[in-house]
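**Student:** what's the 3D shape of this:
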Amino acid sequence: MSNDFEWDGEDYVEIPPQRRTAIYQNTDGNVVVRQVAAWDEDSDPFMVFTSNRENMARLIYAMIDAADLPWQIIENTGRGFIDVDNPNLSRQHEGEADKPRSKDPTAAERQRRRREKLRQEAEPEAPQKEGSDRDSGLFSEGGEQ
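**Tutor:** Sure thing, here's the model as predicted:
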């Protein structure tokens, strides 16, 4: 391998540097996003967010929307999963209620199947009852059907 490398070349992928970032809960129960100080800064820059459900949903959905990711937040209720609506959509689309919105029926169907799978995984399996397929003779002990 050669030690000659041209930083002005075009045959490589450059990954831009990024500051180390920490996200944690402070003693007041708020969410803090903090980055390590740069060489010319006296202290770490940080932002503090009140950690209630609505604020966190707005913050997370704003990041999802800014990154243009096809993600959605779901909440584990302990008895299954429910969608957390994007509160930012109502602000973005005020006055646009009359405009027809194109829908991707295949994406909606995939999302429905995904939610159903998550709900099924969250529910404990029911015990096998007598008279089930195993007891009805469909599966015999000799492997014959």
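**Student:** average pLDDT across stretch 85-94?
**Tutor:** Mean pLDDT, computed over stretch 85-94, is 67.
**Student:** can you pull the contacts of residue 107?
**Tutor:** Residue 107 sits next to residue 70 when contact means C-beta atoms under 8 Å, 6 or more residues apart in numbering. To be clear about C-beta, it is placed using only N, CA and C from the backbone, and glycine gets the same treatment.
**Student:** now it, what's its secondary structure?
**Tutor:** Secondary structure state of residue 107, per DSSP: H, G, I helix; E, B strand; the rest coil, is helix.
**Student:** and for the one 10 residues further on?
**Tutor:** For residue 117, the reduced secondary structure class is helix; criterion used: three-state DSSP.
**Student:** quick check: it vs residue 77, distance?
**Tutor:** From residue 117 over to residue 77 the distance is 16 Å, taken as C-beta to C-beta, to the nearest Å.
**Student:** over to residue 86?
**Tutor:** The gap separating residue 86 from residue 77 is 18 Å, by C-beta to C-beta.
**Student:** show me where the protein has its strands.
**Tutor:** 21-25, 31-35, 46-49, 74-76, 81-83 (DSSP state E).
**Student:** including distance to residue 12 and mean neighbour count, could the ones you listed go into JSON lines?
**Tutor:** Shown next, in JSON lines, are those (distance: least, C-beta to C-beta, whole Å; neighbours: other C-beta atoms under 10 Å):
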{"stretch": "strand 21-25", "distance to residue 12": "25", "mean neighbour count": "10"}
{"stretch": "strand 31-35", "distance to residue 12": "27", "mean neighbour count": "16"}
{"stretch": "strand 46-49", "distance to residue 12": "34", "mean neighbour count": "12"}
{"stretch": "strand 74-76", "distance to residue 12": "39", "mean neighbour count": "13"}
{"stretch": "strand 81-83", "distance to residue 12": "42", "mean neighbour count": "14"}
